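J.: everything below, folded, please.
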Amino acid sequence: MQESKRFTGINPSKSPFFYGYVVLLIGTVGVYCSIPGQTIGVSVFTDPVKDALGLSRNQFSNAYMIGTIASSLIIGRAGVWFDRYGARYVAFFAALVLAVALFLCSWSAQMSEFIKELLNQDTWAIPFVIMTFLFFLLRFAGQGVLTMASRNVIMIWFDKNRGKVNAFSSVALSFGFSSSPIWVDALIESSGWQGAWQYLGWGLLVMSIFIFFLYKDKPEKYGLLPDGVKEIVETEEKTAINRKQFTLKEATKTRAFWMYGLILAFNSFFITGLTFHIVSIFASEGFPKEDAISIFLPASVVAVSISTIANFLSDYLQLRLYLYLMITGGIVASIGFLLLPTAAGIPLLVAGFGIMSGFFAVLNTIAWPRFFGRNHLGAITGKVMSFLILASALAPSIFSLCFTAFGSYQLLGWLGLAFLVFLVFGSLKARNPQ
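T.: You can find the predicted model right below:
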């Protein structure tokens with residue numbers, strides 16, 4: 001506590017209101033600032049950057065895939081850092097690394113030309129290797145560490161009201177992420193892709209300062225309690241004493257860890273693959289580009305509506321109900337995927353897409369502290385994050401391979417249904433380990 005006061009100059013215990021609400025606000029902004037490292041933020045730069053570097057679309061996509069897979073292999077270590085050093089330091093350095101990566105991305109064309117001249121080699125392999133490394137930094141620091149630390153810092157300041165505060169965060173991020181391609185594209189149009197990345201880099205540097213001073217570790221370090229309660233009543237104290245704090249090794253031995261982790265990974269795989277190839281998927285069934293793009297708005301409305309209601313009710317309901325509803329959403333989406341040529345295809349796909357996305361926003365945040373406690377939350381969520389990143393990295397290539405080999409995406413729908421049926425039976429005993 002003494003160290004926290006010396007470095008931050010802000011003592012949460014002296015705040016005129018519960019400091020957790022400051023953490024909620026700044027943590028939500030922290031997740032939003034990870035956009036430059038998320039697929040939705042990188043995708044806007046694809047065409048201008050690949051053209052400037054002389055890379056084909058496949059080469060650029062493969063660099064992105066390899067960088068993402070590499071980041072998924074070590075993201076679990078960042079979770080251990082979160083538990084050991086706290087949210088403030090981990091998020092602070094993640095923001096700094098992301099800022100440096102963005103500046104390096106803006107200089108990627110110059111770096112490529114310099115190395116080509118130095119080695120006297122004019123080959124696509126040089127910009128390919130450069131972008132693979134930069135994508136690794138972007139994905140590791142942005143989608144991985146900054147996102148994980150910012151979500152977790154909110155969850156450790158709340159307990160009984162996690163669902164309610166996550167509802168606010170989820171809705172704000174939903175609208176923020178969905179609108180980000182518009183303003184990022186406008187930034188590229190006005191300042192060029194290099195200038196846009198530099199502006200984003202400066203923004204992350206400013207955000208790192210706010211993180212350093214406003215992110216705080218567990219409220220107990222400052223003599224406070226989660227949710228801002230003044231004291232713990234006797235029954236709650238007994239519950240807290242009896243609540244086991246799982247280590248990562250202990251968590252991975254529970255069925256709940258794997259069933260919840262696998263459905264979240266399936267969501268990342270299916271949604272990423274669908275989004276990445278949406279125009280091609282619809283074109284293969286005879287639909288124009290406009291019909292393909294039009295599914296995102298209604299799916300987002302469904303997702304936001306479900307996540308808002310489910311977050312509020314999650315403080316009172318068992319999460320196993322949400323697990324089965326999310327699996328049901330995946331089944332509906334897979335059936336809609338298979339029935340795209342028919343009139344029922346698009347409505348089912350939109351409904352399933354929205355249901356899965358809505359429950360993903362709840363389970364990916366609330367399940368882990370409720371099931372396994374807060375002491376090793378970083379290590380546990382870091383492991384789960386590695387599943388999600390790996391699934392999102394593999395999805396575009398697997399979707400593409402399926403279409404190239406079979407001339408259709410239909411096989412993925414059948415494989416998805418088979419996997420979801422496995423989850424239905426596997427989840428029968430996936431109870432809260434507490």
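J.: where along the stretch 201-350 of the chain do the helices fall?
T.: Listed in chain order, the helices of the stretch 201-350 of the chain (DSSP state H, counting those that start in this stretch) span 234-242, 248-251, 255-276, 278-283, 289-293, 296-313, 319-338, 345-372.
J.: for G426, find the nearest of those helices.
T.: Closest approach to G426 among the helices of the stretch 201-350 of the chain is made by helix 255-276 (5.5 Å; C-beta to C-beta). From N, CA and C alone the C-beta is placed, and that goes for glycine too.
J.: hang on, the earlier thing: and the helices of the stretch 201-350 of the chain as JSON lines, adding mean neighbour count, distance to S178 and mean pLDDT?
T.: JSON lines is the format used below for the helices of the stretch 201-350 of the chain (neighbours: other C-beta atoms under 10 Å; distance: least, C-beta to C-beta, whole Å; pLDDT from 0 to 100):
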{"stretch": "helix 234-242", "mean neighbour count": "10", "distance to S178": "38", "mean pLDDT": "54"}
{"stretch": "helix 248-251", "mean neighbour count": "17", "distance to S178": "32", "mean pLDDT": "92"}
{"stretch": "helix 255-276", "mean neighbour count": "22", "distance to S178": "12", "mean pLDDT": "92"}
{"stretch": "helix 278-283", "mean neighbour count": "17", "distance to S178": "15", "mean pLDDT": "83"}
{"stretch": "helix 289-293", "mean neighbour count": "13", "distance to S178": "13", "mean pLDDT": "78"}
{"stretch": "helix 296-313", "mean neighbour count": "19", "distance to S178": "6", "mean pLDDT": "88"}
{"stretch": "helix 319-338", "mean neighbour count": "22", "distance to S178": "18", "mean pLDDT": "95"}
{"stretch": "helix 345-372", "mean neighbour count": "23", "distance to S178": "11", "mean pLDDT": "92"}
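J.: how about those in CSV, adding distance to E220?
T.: Below are the helices of the stretch 201-350 of the chain laid out as CSV (distance: least, C-beta to C-beta, whole Å):
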stretch, distance to E220
helix 234-242, 11
helix 248-251, 21
helix 255-276, 25
helix 278-283, 46
helix 289-293, 48
helix 296-313, 24
helix 319-338, 25
helix 345-372, 14
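J.: and the ones you listed: which comes nearest S190?
T.: The nearest among the helices of the stretch 201-350 of the chain, by C-beta to C-beta, is helix 289-293 at 23.8 Å.
J.: which helices and strands sit right next to the closest one?
T.: Contacts defined by 3 or more C-beta pairs under 8 Å, 6 or more residues apart in numbering; DSSP states H and E place helix 289-293 against helix 278-283.
J.: what's next to the helix it packs on, contact-wise?
T.: Residues outside helix 278-283 that contact it (C-beta atoms under 8 Å, 6 or more residues apart in numbering): L274, P288, K289, D291, A292, I293, I295, L340, F399, F403, Y409.
J.: between those, which sits nearest D217?
T.: L274 (37.9 Å).
J.: residue contacts, the closest one?
T.: I281, F337, F353, F399.
J.: how about D159?
T.: P226, D227, P369 are the contacts of D159 under C-beta under 8 Å, 6+ apart.
J.: ok, and the closest non-adjacent residue to G142?
T.: Nearest residue to G142 in three dimensions, chain neighbours excluded: G37, at 1.5 Å (C-beta to C-beta, 6 or more residues apart in numbering).
J.: how close does the one you found sit to A109?
T.: According to C-beta to C-beta, to the nearest Å, G37 and A109 sit 20 Å apart.
J.: same drill for the two, tell me which one is more crowded.
T.: More crowded of G37 and A109, by other C-beta atoms under 10 Å: G37, with 28 against 17.
J.: report the two of the contacts of L274 separated the most.
T.: With C-beta to C-beta as the measure, no two of the contacts of L274 lie farther apart than F353 and F399, at 15.0 Å.
J.: show the contacting residues for the closest residue to S334 other than its chain neighbours.
T.: If you skip the residues right next to it in sequence, S334 has G416 as its closest partner in space, 4.1 Å away by C-beta to C-beta, 6+ apart. Going by C-beta under 8 Å, 6+ apart, G416 touches F266, F270, G330, A333, S334, F337.
J.: over to V145?
T.: By C-beta under 8 Å, 6+ apart, the contact set of V145 is I75, A78, V90, A91, A94, V97.
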